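**Student:** give me a 3D structure for the following:
(chains A and B)
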Amino acid sequence: MSAALVEYLLRLGDDALVLGHRLSEWCGFAPVLEEELALANVALDNLDLAQAALALAGELESRGRDADALAYLRDDRHFRNALLVEQPNVDFAWTLARQALFDAFALPNYRALAQSADPRLAAIGAKAAKETEYHARHARSWVLRLGDGTAESHARMQTAFDELFPYLEELLASDAITRELAAAAVAPEPSALHGEAHATIAALLHDATLAQPEPGAFRPRGGREGLHTEHLARMLAEMQVVARAHPGARW
Amino acid sequence: MSADSDTQFTLWEVFVQEKTGAPHTHVGSVHAADAELALQNARDTFARRDKLVSIWVVEAERIAASRSEDAAGMFEPGPEKIYRHPRFYRPANPKKKA
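**Tutor:** Next comes the predicted model:
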């Protein structure tokens, strides 16, 4: 149980950490100042969640690693995030499609986690659910406007969803870890959220005048086992460089 | 977006209410493409740290404002004509007996 819980917390924390870092890459580059603030706010909420989940994971595994050690001193093979969140920003449309897809899973997931039999996970879920309502609304607002906007914004939004849609399945996949925790009422089964997440995305695409991407043969997965796309290692190299160059430094 | 030199989205003035019943006070402005996004931007810019109960956004150009050249006529009514100002009415206050 404890080993499964540590693994689950790493997934929860790494999803938030990697997505948060990706969003923070917009600092200084967002299309308008107000969007820069909005994306940074979403990034900070995610880092906050990552901090809580990784700190608890470190405590439960009892190997002397705190949240910082887990964030800065693991290699990509030890990260447990889903592949969707490590995908690069590319452009504003990709960033928002990634966010909308992630939140379609994350919002019902956090809401269910808020009902966890473990009060520590319930607290993490309740806080994240409240914050994610806003993240989802922000992403939805932009997807609607860009999808139903100009020919160019529509085309970019469509491309982003076509490319990223296949990554949603990995978030909604259950395995031995989630089954064990679900049986103990500690965490929800991702597969139980499948219908709701897909309905959210289908409604969003419809309202944004975008076409539902065809489910193809491409089924990317492996993130939960530490098998990542090439993008994660590069991101981590940048994210971890200072902490690794100056181990234990304080300021 | 208009053809003028400002390449930003429309300017919206932001008013926030800190507790129920309190007046909405002006705190600044944001740029946004429409009202819904203006509310979201206002929330990100002004409500991140403070606890608020309500936000208003108003398109800046919808606000009718007095002009500075009219200030003399509008704001210097003359102290000898105080009877023109509605200052002698007792405001209704249900908590206090008249």
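**Student:** up against chain A, what does chain B have?
**Tutor:** Chain B comes close to chain A at residues B:8-9, B:30-34, B:36-37, B:40-41, B:43-45, B:48, as judged by Cβ under 8 Å from any Cβ of the partner chain. Glycine gets a C-beta too; all of them are placed from N, C-alpha and C.
**Student:** which of those fall within helices?
**Tutor:** B:36, B:37, B:40, B:41, B:43, B:44, B:45 (DSSP state H).
**Student:** who wins for neighbours among those?
**Tutor:** residue B:41 (26 neighbours; other Cβ atoms under 10 Å in any protein chain shown).
**Student:** how about the residue nearest to residue A:145 when sequence neighbours are not counted, what does it touch?
**Tutor:** The shortest distance from residue A:145 to any non-neighbouring residue, by Cβ to Cβ, 6 or more residues apart in numbering or on different chains, is to residue B:33 (6.7 Å). Residue B:33 is in contact with A:145, B:9, B:10, counting by Cβ atoms under 8 Å, 6 or more residues apart in numbering or on different chains.
**Student:** going by distance to residue A:31, which of those wins?
**Tutor:** Using Cβ to Cβ, residue B:9 comes nearest to residue A:31 of the contacts of residue B:33, at 9.9 Å.
**Student:** gap between the two ends of stretch A:209-225?
**Tutor:** 36 Å (Cα to Cα, to the nearest Å).
**Student:** look up the pLDDT of residue 78 for me, please.
**Tutor:** Using chain A here. Per-residue confidence (pLDDT) for residue A:78: 98.
**Student:** my bad, the chain I had in mind was chain B
**Tutor:** The model's pLDDT for residue B:78 equals 66.
**Student:** check residue B:47 too.
**Tutor:** 84.
**Student:** I figured it hits residue B:16, correct?
**Tutor:** Yes - counting by Cβ atoms under 8 Å, residue B:16 is a contact partner of residue B:47 at 6.8 Å.
**Student:** give the residues shared as contacts by those two.
**Tutor:** residue B:55.
**Student:** so between these two, which is more surrounded?
**Tutor:** residue B:16 (21 against 17).
**Student:** next, the angle from the helix or strand containing the more buried one to helix B:35-46.
**Tutor:** Residue B:16 belongs to strand B:10-17 when elements are defined using DSSP states H and E. Counting by axes from the mean of the first three to the mean of the last three Cα atoms, to 10 degrees, strand B:10-17 lies at 60 degrees to helix B:35-46.
**Student:** which of the ones in helices among the residues of chain B next to chain A sits closest to residue A:58?
**Tutor:** Nearest to residue A:58, judged by Cβ to Cβ, of those is residue B:44 at 31.1 Å.
**Student:** and the pLDDT at the closest one?
**Tutor:** 89.
**Student:** do the same with residue A:154
**Tutor:** For residue A:154, pLDDT reads 98.
**Student:** what about it, how many residues nearby?
**Tutor:** Count around residue A:154 with other Cβ under 10 Å applied: 17.
**Student:** what is the helix or strand where it lies packed up against?
**Tutor:** Under the criterion DSSP H and E, the helix or strand holding residue A:154 is helix A:151-164. In terms of contacts (3 or more Cβ pairs under 8 Å, 6 or more residues apart in numbering or on different chains; DSSP states H and E), helix A:151-164 is packed against helix A:92-113, helix A:119-147.
**Student:** in contact with the closest residue to chain A within chain B, which residues?
**Tutor:** Closest to chain A within chain B is residue B:41: 4.0 Å, counting by Cβ to the nearest Cβ. When contacts are counted by Cβ under 8 Å, 6+ apart, residue B:41 touches A:34, A:35, A:37, A:38, B:12, B:30, B:31, B:32.
**Student:** right, I'll call it a day here.
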